[in-house]
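Engineer: Whatever this is, show me its structure:
(one chain, ligands or ions: 2)
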Amino acid sequence: MISSLGIIGGGVMGEALLARLLAQGQVAATAVTVSEPFAARCEFLNDRYGVRCVDDNAEAAQADWVLLAIKPQVFDPAVAGLADLRSDRLILSILAGVPLAKLEAAFPHEAVIRAMPNTPATVGAGVTAIAAGQQVTADQLSQAQEFFAAVGRVVTVPESQLDAVTGLSGSGPGYVALIVEALSDGGVAAGLPRAIATELAIQTVRGTAELLQETGWHPGELKDRVCSPGGTTIAGVATLEQNGLRSALIEAVKAAALRSQQLG
Ligand SMILES: NC(=O)C1=CN([C@@H]2O[C@H](COP(=O)(O)OP(=O)(O)OC[C@H]3O[C@@H](n4cnc5c(N)ncnc54)[C@H](OP(=O)(O)O)[C@@H]3O)[C@@H](O)[C@H]2O)C=CC1
Ligand SMILES: O=C(O)[C@@H]1CCC=N1
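Structural biologist: Numbers count the residues shown, from 1 in each chain. Ligands and ions are numbered 1, 2, ... in the order given. Next comes the predicted model:
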């Protein structure tokens with residue numbers, strides 16, 4: 001159980017993590033302080049989750065655990081003055097691109113973890129990659145793994161891989177949402193009602209992911225199993241290849257990884 005948690009930035013990801021940590025009993029609402037400049041948002045978080053929400057980052061940063069969930073672009077002003085408040089906190093950052101060196105320079109006396117979760121965290125189906133800073137003990141690393149396990153799977157990676165993680169799984173839900181929307185559009189173009197087309201698209205993506213995960217099949221093997229000789233799927237696959245689906249996705253991950261580097 002987390003003794004006290006401060007969340008700096010009560011936006012999409014701050015709320016996603018908060019909601020799941022509360023639901024999993026990893027922290028009590030009375031032990032959480034969120035700092036968030038947007039008053040209406042603060043009121044919402046307070047009403048919905050029973051946590052204290054303030055517009056002063058220094059208040060949230062008094063906690064034993066501090067989760068940085070602000071945009072990378074406001075990192076410097078958001079953490080200014082927070083280093084000297086305490087010297088024994090565990091600092092967790094989910095900021096895209098911001099490297100451990102910069103985080104450790106901002107919190108020089110403390111253990112810092114850089115992490116990259118993703119939005120399916122909202123429903124406990126996320127995946128988070130984490131990398132530990134120089135002052136993190138084995139105990140703190142396993143506590144951080146448990147923290148992010150509240151929102152899905154956790155992998156530990158060298159920090160050098162975190163921008164690539166950001167390009168793939170951090171940003172990936174955006175790509176998959178686009179794919180689902182396009183599949184639904186295709187269904188509508190082929191004559192389906194929109195609601196049915198979207199339901200079929202979502203369940204197809206979900207079922208395919210579950211099948212791959214449960215069987216451990218290589219994705220190519222699954223593709224081969226779906227393609228009947230001279231059938232429908234190979235006609236669709238050939239069209240995807242002509243239109244560059246694979247290279248579009250590869251380039252998307254590379255572009256997002258590069259952008260993550262630039263944000264740091
Ligand atoms: N969205 C995603 O899928 C993922 C995001 N991330 C990372 O998580 C972080 C947060 O992203 P996300 O939740 O999407 O962003 P949001 O914009 O939804 O959340 C950031 C929150 O921080 C608030 N804020 C702005 N300035 C300050 C400040 N100086 N002090 C305290 N709070 C401030 C914002 O308020 P206001 O709106 O009023 O400006 C906003 O509510 C980013 O660093 C991002 O890289 C990581 C993984 C996935
Ligand atoms: O788009 C972004 O910058 C953030 C980081 C990963 C997902 N969303």
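Engineer: Every contact and neighbour count from this point should use C-alpha atoms.
Structural biologist: OK.
Engineer: Near ligand 1, which residues of the stretch 151-264 of the chain? Just list them.
Structural biologist: Contact residues (CA under 6 Å from any ligand atom) of the stretch 151-264 of the chain with ligand 1: G170.
Engineer: Can you show me the helices along the stretch 101-250 of the chain?
Structural biologist: 138-149, 162-165, 172-189, 194-215, 219-226, 232-242, 245-263 (DSSP state H, counting those that start in this stretch).
Engineer: distance between the longest one and the chain's centre?
Structural biologist: In this case it means helix 194-215. Helix 194-215 has its C-alpha centroid displaced from the chain centroid by 21 Å (CA atoms, centre = their mean, to the nearest Å).
Engineer: tell me what that helix is packed against?
Structural biologist: helix 172-189 (3 or more CA pairs under 8 Å, 6 or more residues apart in numbering; DSSP states H and E).
Engineer: Tell me how this structure divides into domains.
Structural biologist: 5-162, 171-263 (the TED database).
Engineer: Tabulate those (CSV), appending mean neighbour count and mean pLDDT.
Structural biologist: Shown next, in CSV, are the domains of the chain (neighbours: other CA atoms under 10 Å; pLDDT from 0 to 100):
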stretch, mean neighbour count, mean pLDDT
domain 5-162, 19, 96
domain 171-263, 14, 98
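Engineer: rewinding a little: how about the helices of the stretch 101-250 of the chain in TSV, adding distance to N118?
Structural biologist: TSV is the format used below for those (distance: least, CA to CA, whole Å):
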stretch	distance to N118
helix 138-149	11
helix 162-165	10
helix 172-189	7
helix 194-215	16
helix 219-226	22
helix 232-242	27
helix 245-263	14
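Engineer: circling back to that earlier point, nearest to ligand 2, of the domains of the chain?
Structural biologist: Proximity to ligand 2 (CA to the nearest ligand atom) singles out domain 171-263 among those, at 4.2 Å.
Engineer: Report the distance from the closest one to the chain centre.
Structural biologist: That offset, for domain 171-263, works out to 20 Å (CA atoms, centre = their mean).
Engineer: can you tell me the distance between the two ends of that domain?
Structural biologist: End-to-end span of domain 171-263 (CA to CA, to the nearest Å): 14 Å.
Engineer: Check whether it comes into contact with ligand 2.
Structural biologist: Yes: using CA under 6 Å from any ligand atom, domain 171-263 reaches ligand 2 at S171.
Engineer: So what touches stretch 74-83?
Structural biologist: N57, A58, A61, I70, A106, F107, P108, H109 (CA atoms under 8 Å, 6 or more residues apart in numbering).
Engineer: Of those, which belong to strands?
Structural biologist: With DSSP state E as the criterion, strands contain none of these.
Engineer: Tell me which two in those are the farthest apart.
Structural biologist: Within the contacts of stretch 74-83, two members stand farthest from each other by CA to CA: I70 and H109, at 21.1 Å.
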